[in-house]
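Participant: my questions are about this predicted structure, shown below with the sequence.
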Amino acid sequence: MPLMSIFNVSGSGMSAQSVRLNTTASNLANAESVSSSINETYKARHPVFAPMVKHFADMEAGVGVNVMGIIESKAPLQMEYAPNHPMADEKGYIYKPNVNVVEEMANMISASRSYQTNVEVMNTSKQLALRTLNLGQ
């Protein structure tokens with residue numbers, strides 16, 4: 001695998017994890033929001049990744065990560081009976097997002113570590129390339 005391919009793989013991984021971190025941050029920021037209807041309630045979002053594959057002679061190799069899009073969670077929203085709440089609907093219910101804060105925190109840690117690992121791959125590749133260039137001296 002050429003050196004530039006390694007940079008492309010780790011760069012696409014960093015980009016994908018950045019999307020994941022931003023999506024998680026959005027979920028956490030809206031975790032405690034309240035609305036008066038199901039349709040207006042924030043729904044947790046999650047990015048969808050797919051491998052980028054390239055065909056070489058007799059084999060396939062992964063050459064990066066592609067962000068296919070961001071989907072909304074299908075988990076049920078939280079309904080709470082709070083007739084005195086200013087956002088309550090005519091039946092006295094308020095609606096809260098389907099964000100699981102513990103799951104989102106674990107997601108954030110995982111994305112952060114994956115991003116860090118891709119940075120280290122890029123730095124190690126750069127160091128190996130520089131050492132290779134210095135072999136002839």
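Facilitator: Right, received. Where do you want to start?
Participant: quick one, longest strand in this structure?
Facilitator: strand 59-72 (DSSP state E).
Participant: what sits up against it?
Facilitator: Defining contact as C-beta atoms under 8 Å, 6 or more residues apart in numbering, one finds that strand 59-72 is touched by 1, 5, 8-9, 11-13, 15-16, 19, 23, 43-54. From N, CA and C alone the C-beta is placed, and that goes for glycine too.
Participant: show me these that map onto helices.
Facilitator: Per DSSP state H, helices hold the following members of the contacts of strand 59-72: S5, N8, V9, G11, S12, G13, S15, A16, V19, T23.
Participant: could you export the residues you listed as JSON lines, including distance to E80 and neighbour count?
Facilitator: What follows is the ones in helices among the contacts of strand 59-72, written out as JSON lines (distance: C-beta to C-beta, whole Å; neighbours: other C-beta atoms under 10 Å):
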{"residue": "S5", "distance to E80": "51", "neighbour count": "15"}
{"residue": "N8", "distance to E80": "48", "neighbour count": "15"}
{"residue": "V9", "distance to E80": "45", "neighbour count": "21"}
{"residue": "G11", "distance to E80": "44", "neighbour count": "15"}
{"residue": "S12", "distance to E80": "41", "neighbour count": "20"}
{"residue": "G13", "distance to E80": "39", "neighbour count": "20"}
{"residue": "S15", "distance to E80": "38", "neighbour count": "16"}
{"residue": "A16", "distance to E80": "35", "neighbour count": "21"}
{"residue": "V19", "distance to E80": "31", "neighbour count": "16"}
{"residue": "T23", "distance to E80": "25", "neighbour count": "21"}
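Participant: M122: neighbour count?
Facilitator: Neighbours of M122 under the rule other C-beta atoms under 10 Å: 17.
Participant: A strand includes it, no?
Facilitator: No - counting by DSSP: H, G, I helix; E, B strand; the rest coil, M122 is not found in a strand; it is helix.
Participant: good, wrapping up.
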